[in-house]
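Undergrad: coordinates only, sequence not included:
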């Protein structure tokens, strides 16, 4: 009796389990989906892309992943190899070499307007990883530097690129020197197929890495032909905002134009680029529209504003003393500052001063020629070799019952700044962007009067050694 009862109870339990098991399985499946699916989505977002159903990981990444360049501009893409791929090497390629090229170390140069994809590829890829990374490069239609004449000033030395002496022969070293009026210190940059040639205005020959060497420490010379890879230069903008010149022949590492020293006569060489506080491998490339005169720091009491502006030694003498004497006599005949004859006398004397200055320049004892510009400060005119700008103005003011008269010169330095010297005082150098003008008071103070020099404003383009 008991045996039959046990069998019946067991049968009922089995039947009950068969009835509820699908419900249990369904609930468990739904719980599992709620738990796993969010985790799976998050996980997959971190490791995409996939190869079929197999998730793969990046063995190499690049920085940056997008880049915008101008034509002739260079920038370096950095590849980072994962530790699991240690020992692998990277090769670089461009999807369109007519738009952008890439060297063996990831330096990209903008060639023409358009878009190209630069790809870094590993030669050895571990299982479960993918071995490529890309950077999209967009090149604009503008050049990083216009085709024109420039001075190339070394940032660390503060000196400009020059030829070694007046030599014109192939193989002449290039070196640093102080800026002067010589055309040997002015260079024409011309863009072609992604790179610039750098041509001396003095010798008409091109800057070249000796032997087209790709290594640091090579000499930089001049050669007549412009067909060598060592004569093609890309331009990179450093973090400091200065320029870095990179020869096309440097295909395996970032080798750039530098200098062997900081003094006059230091030879130009190539060097491995370091983006740090040593700026001897960085350059200020300044358009030569401002002329060829450097700033001269002078306190010689025998050089006044005229001698300083015209770059002559000692006192220039009393070349315009008659003009000032006539002006003083005429002004002293006036009754005061409000006399109606004041402007007439000032303008007449200014005109005479201008004639005296031009007669002085016409003297055969001095090698100057000139062009007069009557508006603005003449900065709209591009200057040729051995040219620079000078401004001249006369001043006359009535103070404490007497008339004071004087004249004054400024000249523009090769980087666009302006400089002057008052009589026995120390020379003065205005900040970049500050200039004497015909409409303002800057630069025209004298005897405590801000706008003392108030006559007509004459601008000259001076040519040295005509």
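TA: Received, thanks. Source: prediction; values computed, not measured.
Undergrad: okay, and the helix or strand of the chain with the least pLDDT?
TA: helix 2-47 (a mean of 41; mean pLDDT, DSSP states H and E).
Undergrad: From the domain annotation, what segments belong to each domain of the protein?
TA: Following automatic domain parsing, one gets these domains for the chain: 2-47, 57-143, 148-286, 305-464.
Undergrad: Out of those domains, the one nearest residue 295 is which?
TA: Nearest to residue 295, of all the domains of the chain, is domain 305-464, at 4.6 Å by Cβ to Cβ. C-beta here means a position set from N, CA and C on the backbone, and glycine is covered the same way.
Undergrad: Parallel or antiparallel, which strands does the helix or strand that contains residue 74 pair with?
TA: Assigned by DSSP states H and E, residue 74 belongs to strand 74-76. Under the criterion DSSP bridges, strand 74-76 sits next to strand 107-110 (antiparallel) in its sheet.
Undergrad: contacts for the partner strand?
TA: With Cβ atoms under 8 Å, 6 or more residues apart in numbering as the test, strand 107-110 has contacts from 67, 69-77, 94, 99-102, 118, 135, 137, 139-140, 144, 194-195, 234, 246, 254.
Undergrad: From those, which land in strands?
TA: The strands, defined by DSSP state E, take in 67, 69-71, 74-76, 94, 100-102, 118, 135, 137, 139-140, 195, 234, 246 from the contacts of strand 107-110.
Undergrad: could you pull out the helices for the stretch 201-350 of the chain?
TA: 305-309, 321-332, 342-362 (DSSP state H, counting those that start in this stretch).
Undergrad: since we're on residue 363, how many residues are nearby?
TA: 10 (other Cβ atoms under 10 Å).
Undergrad: what does residue 411 give?
TA: Look at residue 411: counted by other Cβ under 10 Å, it has 23 neighbours.
Undergrad: and what of the one 10 residues further on?
TA: When neighbours are counted by other Cβ under 10 Å, residue 421 registers 24.
Undergrad: ditto for residue 355
TA: A count of nearby residues for residue 355, using other Cβ under 10 Å, gives 12.
Undergrad: And it, what's its pLDDT?
TA: What the model reports as pLDDT for residue 355 is 84.
Undergrad: Touching, residue 106 and residue 120? I think so.
TA: Yes: counting by Cβ atoms under 8 Å, residue 120 is a contact partner of residue 106 at 7.1 Å.
Undergrad: which residues do those two both contact?
TA: 62, 77, 79, 90, 92.
Undergrad: Including secondary structure and neighbour count, could these go into TSV?
TA: Formatted as TSV, these follow (DSSP: H, G, I helix; E, B strand; the rest coil; neighbours: other Cβ atoms under 10 Å):
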residue	secondary structure	neighbour count
62	strand	21
77	coil	21
79	strand	19
90	strand	21
92	strand	20
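Undergrad: Let's have these in a markdown table, adding pLDDT.
TA: Converted to a markdown table, these look like this (pLDDT from 0 to 100):
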| residue | pLDDT |
| --- | --- |
| 62 | 97 |
| 77 | 97 |
| 79 | 96 |
| 90 | 96 |
| 92 | 97 |
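Undergrad: pLDDT below threshold where in the stretch 251-400 of the chain?
TA: Counting by pLDDT under 70, the ranges of the stretch 251-400 of the chain that qualify are 276, 292, 313-326, 328, 332, 334-340, 364-382, 384-385.
Undergrad: quick revisit: name the stretch among the domains of the chain that sits most buried.
TA: Highest mean neighbour count of the domains of the chain: domain 148-286, a mean of 19 (counted as mean count of other Cβ atoms under 10 Å).
Undergrad: First-to-last residue distance for that one?
TA: 10 Å (Cα to Cα, to the nearest Å).
Undergrad: and it, how far out from the chain's middle?
TA: Averaging C-alpha positions (Cα atoms, centre = their mean, to the nearest Å) puts domain 148-286 14 Å from its chain's average.
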